[in-house]
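Enquirer: this one's structure only:
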């Protein structure tokens, strides 16, 4: 069995990528980050040149959503939101999207309307326009979203810029989306008192405005969105930047897990470290810039959770003890590894 | 039950598209053509401004390919080729692609290597570079390819420019890819004498050089690639241009169907009219420009098969009689309608 990372690295090694792309003068950034960057933008429209930022994300029945327990509005909303979160992580302003949609004939009526309602809500919220797509009949529901955004030339936030001494920051609180997933997997989602706990899973808030602000102010040395889980996504940043990270358990902004859910084994630190789909931003900031960061951006708290160090991998300082923190977030090829 | 067209039109009506996009100054062309066009391109790189052309295409096990009978090299090659054919139809030079790939764990080894070998072959042939993607585990093999190309500003070939009096042209011969599909569906593909008949189905030739030449010379008023079948794709052009078309059966360049296959019901005209996946270009050209067209472009014959007329829909002149030609090409929502 292969891990997702192994498969991705094999794909990169077998196909032509930027490393062999002598004739790709427009390509600023290829595979390996949240999105790709190609030069371009308006000619003569404004004085400042813009780069296009491109990303694609699959959204698959049974892997990324459960149509039997999840409302179609949520599925449509989340499909576009999670793809657009990759633009937020690059500091780009969302502009356009394309939708590949495959679905069974019996889902092409009212259910599809719900999907489109949720997706339209997301598109309006993020200011995005549908510019293309492809539709097929298929036994299961399969979506793939391609998103395009814009960032000032050379100002895209990469995963690769973190340096020893930089502070590590996250927006919002972590773990709430995972609680919703755990409720669904345990079939507790129909319980009335659980309804509000499902919202972060069904309609996650993404952070495009924060991403654009970080890019504009030039205060972030690296950024990623937390889609697979803090442990996994911080590992991505460390790997791309060639550095290590130390984070402090006591500083990680987490949710208050209701007593009833603590009893069934849900732990707020574990959720915050390895839970996926919060779509908050994780970014690093040099000490000189970090002191200029506000405590909150438009109502979303910004918390310093650790620092970039020399070396490799992530370590967690918890109750005075330091231990390695392995990436235990989401990997669809290793579903049982989780928790 | 809905047709694919009905579902697509519903998607367009429910989601924000270019029609509502006041704040999309970069968008030159939105949904409804082979690809979208956004302004952009190199600043100061060359004197001429370029537009980006974007398209996305699903490639699904059981719908678009049959992994039990089709070699993985063909599946990988064709996935990228058919998406890139949409760039050819716009007159764009292929540049970049993104791959969404979902597959079962037991296909992540040697089989995936075959896929990547075929896809790399296509990428090198078309001069394309992988710039992003997304990989998941899934019970069936699902791919979605997003492709980006470039065309001189304002020179993209649209579906909507055909005018009454224009000649209708196709490149190459039509129907050969469908023969390969019919052989697979009839389980005749293992027969040795059928091997060469499978090639147009397994490794279709697309026409990016012809598309770029048509754009550069300014001789085409409209263009589309023949992916679903001549009857369906010509109908798309008529609809987008608000015109009708008359084609002459005797002029349609078709293949010589071997006697043995004629006996099992394969008819060369039927294959040429409704067979899909040839990925030849269909284009229209004003009479003044049409006379400048060569008989062949780089060894691919160019044939005038009819003319654009006032009205709507397509009519076929066959043995002196004129009859309406309905779109009977590929529609994954109406698989039984075909032939």
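Expert: Received, thanks. What you are looking at is a predicted structure, and each value in this text was computed from that prediction instead of being measured.
Enquirer: Could you double-check that residue A:184 sits in contact with residue A:201?
Expert: Yes: applying C-beta atoms under 8 Å as the test, residue A:184 and residue A:201 come out as touching, 7.3 Å apart. (C-beta placed from N, C-alpha, C; glycine too.)
Enquirer: Looking at the two, which is more packed in?
Expert: residue A:201 (24 against 20; other C-beta atoms under 10 Å in any protein chain shown).
Enquirer: nearest spatial neighbour of the more buried one, skipping sequence neighbours?
Expert: residue A:180 (2.4 Å; C-beta to C-beta, 6 or more residues apart in numbering or on different chains).
Enquirer: Looks to me like residue A:189 is in a helix.
Expert: No: Residue A:189 is assigned coil when assessed by DSSP: H, G, I helix; E, B strand; the rest coil, not a helix.
Enquirer: Name the nearest residue to it, ignoring sequence neighbours.
Expert: Here the residue nearest residue A:189, using C-beta to C-beta, 6+ apart, is residue A:183, at 4.9 Å.
Enquirer: neighbours of the one you found, just the number please.
Expert: There are 22 residues near residue A:183, going by other C-beta under 10 Å.
Enquirer: Now do the SS call for the residue in the stretch 201-339 of chain A that chain B sits nearest to.
Expert: For the stretch 201-339 of chain A, the residue closest to chain B is residue A:332, as judged by C-beta to the nearest C-beta, at 4.3 Å. For residue A:332, the assignment made with three-state DSSP gives coil.
Enquirer: residues from the stretch 151-300 of chain A in reach of chain B?
Expert: When proximity is defined as C-beta under 8 Å from any C-beta of the partner chain, the stretch 151-300 of chain A approaches chain B at residue A:153.
Enquirer: What is the burial count for the closest residue to chain B within the stretch 151-300 of chain A?
Expert: Closest contact between the stretch 151-300 of chain A and chain B, by C-beta to the nearest C-beta, is at residue A:153 (7.8 Å). Neighbour count of residue A:153, defined by other C-beta under 10 Å: 16.
Enquirer: Check residue A:256 too.
Expert: Neighbour tally, residue A:256, other C-beta under 10 Å: 9.
Enquirer: which ones are touching it?
Expert: Neighbouring residues of residue A:256 by C-beta atoms under 8 Å, 6 or more residues apart in numbering or on different chains: residue A:268.
Enquirer: Can you tell me the SS state at it?
Expert: Residue A:256 is classified as coil under three-state DSSP.
Enquirer: could you check the distance from it over to residue A:58?
Expert: Applying C-beta to C-beta, to the nearest Å, the value for residue A:256 to residue A:58 is 33 Å.
Enquirer: what kind of secondary structure is the residue nearest to residue A:145 when sequence neighbours are not counted in?
Expert: Using C-beta to C-beta, 6+ apart and skipping residues adjacent in sequence, the residue nearest residue A:145 is residue A:83, 3.8 Å away. Using three-state DSSP, the structure places residue A:83 in helix.
Enquirer: if I pick residue A:83, what's in contact with it?
Expert: Applying C-beta under 8 Å, 6+ apart, the residues near residue A:83 are A:55, A:56, A:57, A:59, A:97, A:145, A:146, A:147.
Enquirer: Quickly find the element holding the fourth one.
Expert: Secondary structure assignment for residue A:59, by DSSP states H and E: strand A:50-60.
Enquirer: partner strands of that strand, parallel or antiparallel?
Expert: Strand A:50-60 sits in its sheet next to strand A:36-39 (antiparallel), strand A:142-152 (antiparallel), going by DSSP bridges.
Enquirer: Give me the neighbour count for the residue nearest to residue A:277 when sequence neighbours are not counted.
Expert: Leaving aside its sequence neighbours, residue A:277 sits nearest to residue A:177 (C-beta to C-beta, 6+ apart; 3.9 Å). Close neighbours of residue A:177, defined as other C-beta under 10 Å, add up to 28.
Enquirer: these two touch, right, residue A:94 and residue A:149?
Expert: Yes: using C-beta under 8 Å, residue A:94 makes contact with residue A:149 at a distance of 4.8 Å.
Enquirer: shared neighbours of the two, which are they?
Expert: By C-beta under 8 Å, 6+ apart, the residues touching both residue A:94 and residue A:149 are A:84, A:87, A:208.
Enquirer: Quick one: which of these is the most crowded by neighbours?
Expert: residue A:87 (31 neighbours).
Enquirer: Stretch A:49-56: which residues count as buried?
Expert: Using 16 or more other C-beta atoms under 10 Å in any protein chain shown as the test for burial, stretch A:49-56 gives A:49, A:50, A:51, A:52, A:53, A:54, A:55, A:56.
Enquirer: what's the spacing between the third one and residue A:158?
Expert: When you say that, I think you mean residue A:51. From residue A:51 over to residue A:158 the distance is 12 Å, taken as C-beta to C-beta.
Enquirer: ok, now the fourth one?
Expert: Counting by C-beta to C-beta, the gap between residue A:52 and residue A:158 amounts to 15 Å.
Enquirer: ok, now which ones touch residue A:120?
Expert: Taking C-beta under 8 Å, 6+ apart as the contact definition, residue A:120 lies against A:76, B:14, B:15, B:16.
Enquirer: The same query, at a cut-off of 10 Å, please.
Expert: By C-beta atoms under 10 Å, 6 or more residues apart in numbering or on different chains, the contact list for residue A:120 reads A:73, A:76, A:77, A:80, A:128, A:130, B:14, B:15, B:16.
Enquirer: can you pull the contacts of the last one?
Expert: Under the criterion of C-beta under 10 Å, 6+ apart, the neighbours of residue B:16 are A:97, A:119, A:120, A:123, A:124, A:127, A:128, A:129, A:130, B:24, B:30.
Enquirer: can we see that at 6 Å?
Expert: When contacts are counted by C-beta atoms under 6 Å, 6 or more residues apart in numbering or on different chains, residue B:16 is found next to A:123, A:129.
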